[in-house]
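Student: what's the 3D shape of this:
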Amino acid sequence: MIGKCRVAAIVRRAIVACVALLAANRTTVAQDVLPTVPLGRSIQLELVATGLNAAYDGHSQLRSTDLVPVPDGSGRLVVAQLGGFANIVLPGGTIAPGAYLDLYATNPNFAVSNNGWGFTSLEFHPGFADPTSVGFGKFYTLETEPNRVTDVDFVSSYPPPVTQDHLDVFYEYTMDDITANTFSGTKRRLFTVRQPISTHNFNDMAFGQDGYLYVAGGDGGNSSSRPDGGFSLNSRRLDNAFGKVLRIDPIDPSLTPDSLDAISANGNYRIPADNPFVGDPDPNTPQDETLDEIYSYGHRNPYRITVDRQNGDMWVGDVGQNSIESVDRVVKGGDYGWSLKEGSFLYDTTNQNNITPDVDTNGDGIGDFAAANGLIDPVFEYGRQDGKSIQGGFVYRGEKIPWLRGMYVFGDNYANGTQLFYGDPATGEMHRFAILSTQQTLGSGLHAVGQDADGEILLATNVGGRVLRISCAASPVAGDVNGDGVVDRGDVASLVTSFGTADESNVCMGDLNGDGSVGLPDLAMLQTHLAPIAAAGPQASSAAVPEGSSVWLAMSAIAAVCCVSRRASWVRRNTPE
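Tutor: Coordinates of the predicted model:
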């Protein structure tokens, strides 16, 4: 039966195709400071929602900047838009009528820039759905407002020679009804940051497992903005909030009278007593004391800060200057080196294009300069041949893709399109995803990487204002169709299920030869992966492995189905209607 279906010929063609595919994907070291990130596993994307970039109430929404599940078990998703709106995506992908939040309605002077500042972050309090929590009904926003002289809490240590640009303002919202799809309730200011120029703003925030709010802020602008290095030097000083991750308790102090945490200078929040620089004078500045809110420093432009929902690790995607994009694991009191370093490389402030390796003479895996100065290197980094503006991401803790669990999944808004990566936090090894789908491609303009309530990865792209979900990712174990990490009878059954399909979410698992569909070449490849395991005996795998005769019987059965299917398809194509 196998002979009648010409499996041998198919196997030969599959081998040729695989060799060609491997040759096409062979990576080379680019003329750059880091090698090109190698191409890794394939993924499929499924559409969650579309049309989120449509104008609302006569105002452009520009692009999606944050994707946050409502933590109330409703399955709703809030999508923040740079232009000042937040929309609710209902289960099933429908966009709820009206806006969840309309910043123009409450602030007609809302400021926005298509270069990256506007409404960039929304975060729900962990106790949002708990009536007994002081955080019940509360969420927090980062908004942009025109410059003013009152109610400003943080300023740059290096003021610009001209009028300062705008304000980043953090607010707390308390809803009257947490089940509503349109906000109604109260709004309270937490703190305000005066930005010296338009770039490298405060970008994002996230609650840690300790219940405190972590806020990521840029250094205030490119070093070229001033001849002395200017705003980039903010990151080195501990008397300002720029180039830092801040840590606060955002709840109104009047609601937490028993707390031992000190009340902030403006009286709007508390400062954790165990923040690393509380009451600690900074010998590197002429100022009297460090800023107590600081949790970590030496960041350049941290665009996204996220928390691993399993172990509480905190991750920051930090946009580089001209050469390096990096991802940091944030620790208390950590110094990440900017502007002494860009990524793990030494940075020349007089020539922004000049970076040099930090030589590791003793072979301990840490550059000598970083080790001598207590600087922390990134976990992941890549050069400008692979991206130019890291968007950050999440450690995957979903259920759909077992092998991906524990990997950090993140994106980059690349100059000529979008890149999507995954990396192993334990080793720092990273790869680029190959996107198989021909219907749901990322295109250009990836501006948000999020996760739903189940921990599945979400992506927002400018193309059609879509939200996409990673629905499937091919296993790194050759022949592992069902993604359980071993090759056994279960993979035969999974291949049968997906046989003959194309452009479906299960294709990336059954598509062993990478041609975008599941067919006879994939059957032949699975046979080659099963044969040596079967010959080695059951001890070769922790799962039940079929004996050799069973493998061939299974293959023959599938081949018979294939022949019948192909014959029926031929008859249909050649029979007039």
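Student: Tell me the secondary structure at Leu523.
Tutor: Classification of Leu523 by DSSP: H, G, I helix; E, B strand; the rest coil places it in helix.
Student: got a pLDDT number for it?
Tutor: You'll see Leu523 listed with a pLDDT of 82.
Student: With Thr438 instead?
Tutor: Thr438 is given a pLDDT of 56.
Student: List the beta-bridge partners for Gly411.
Tutor: Beta bridges link Gly411 to Gly392, Leu420 when assigned by DSSP bridges.
Student: Leu255: how many residues sit nearby?
Tutor: Around Leu255 sit 9 other residues, with neighbours defined as other Cβ atoms under 10 Å. No exception for glycine: its C-beta is placed from N, CA and C like everyone else's.
Student: I should have written Ser74 there, sorry.
Tutor: By other Cβ under 10 Å, 16 other residues sit near Ser74.
Student: and the nearest residue to it once chain neighbours are set aside, how far is that from Arg76?
Tutor: Computed as Cβ to Cβ, 6 or more residues apart in numbering, the closest residue to Ser74 that is not its neighbour in sequence is Thr179, at 7.2 Å. As judged by Cβ to Cβ, to the nearest Å, Thr179 and Arg76 stand 9 Å apart.
Student: what about the two, which has more around it?
Tutor: Neighbours per residue, other Cβ under 10 Å: of Thr179 and Arg76, the larger number sits with Arg76, 19 against 10.
Student: who are the neighbours in contact with the more buried one?
Tutor: 69-70, 88-91, 96, 181 (Cβ atoms under 8 Å, 6 or more residues apart in numbering).
Student: List buried residues within the residues you listed.
Tutor: For the contacts of Arg76, a burial check counting by 16 or more other Cβ atoms under 10 Å picks out 69-70, 88-89, 181.
Student: At which residues are the helices of the stretch 451-577 of the chain located?
Tutor: Secondary structure of the stretch 451-577 of the chain (DSSP state H, counting those that start in this stretch): helices located at 489-498, 507-510, 520-536, 548-573.
Student: between these, which gets the lowest average pLDDT?
Tutor: Mean pLDDT is lowest for helix 548-573 among the helices of the stretch 451-577 of the chain, at a mean of 45.
Student: Excluding chain neighbours, give the residue nearest to the most centrally placed residue in the chain in space.
Tutor: Against the mean C-alpha coordinate of the chain, by Cα atoms, centre = their mean, the closest residue is Gly393 at 1.4 Å. Residue nearest to Gly393 in three dimensions, not counting chain neighbours: Phe410, with 3.0 Å by Cβ to Cβ, 6+ apart.
Student: And the pLDDT at Leu375?
Tutor: 98.
Student: My read is that it contacts Ser339, right?
Tutor: No - Leu375 is beyond contact range of Ser339, at 11.3 Å (criterion: Cβ atoms under 8 Å).
Student: Can you pick out the residue with more neighbours from those two?
Tutor: Ser339 (23 against 20).
Student: Once you drop chain neighbours, what's closest to that one?
Tutor: Ser232 is the one closest to Ser339 (Cβ to Cβ, 6+ apart), at 4.1 Å.
Student: To what extent is the one you found buried, counted in neighbours?
Tutor: A count of nearby residues for Ser232, using other Cβ under 10 Å, gives 30.
Student: which residues touch it?
Tutor: Ser232 neighbours (Cβ under 8 Å, 6+ apart): 219-223, 243, 300, 338-339, 349.
Student: Could you verify that it is part of a helix?
Tutor: Yes - under three-state DSSP, Ser232 falls within a helix.
Student: what's the spacing between it and Lys341?
Tutor: Counting by Cβ to Cβ, the gap between Ser232 and Lys341 amounts to 12 Å.
Student: Lovely, talk soon.
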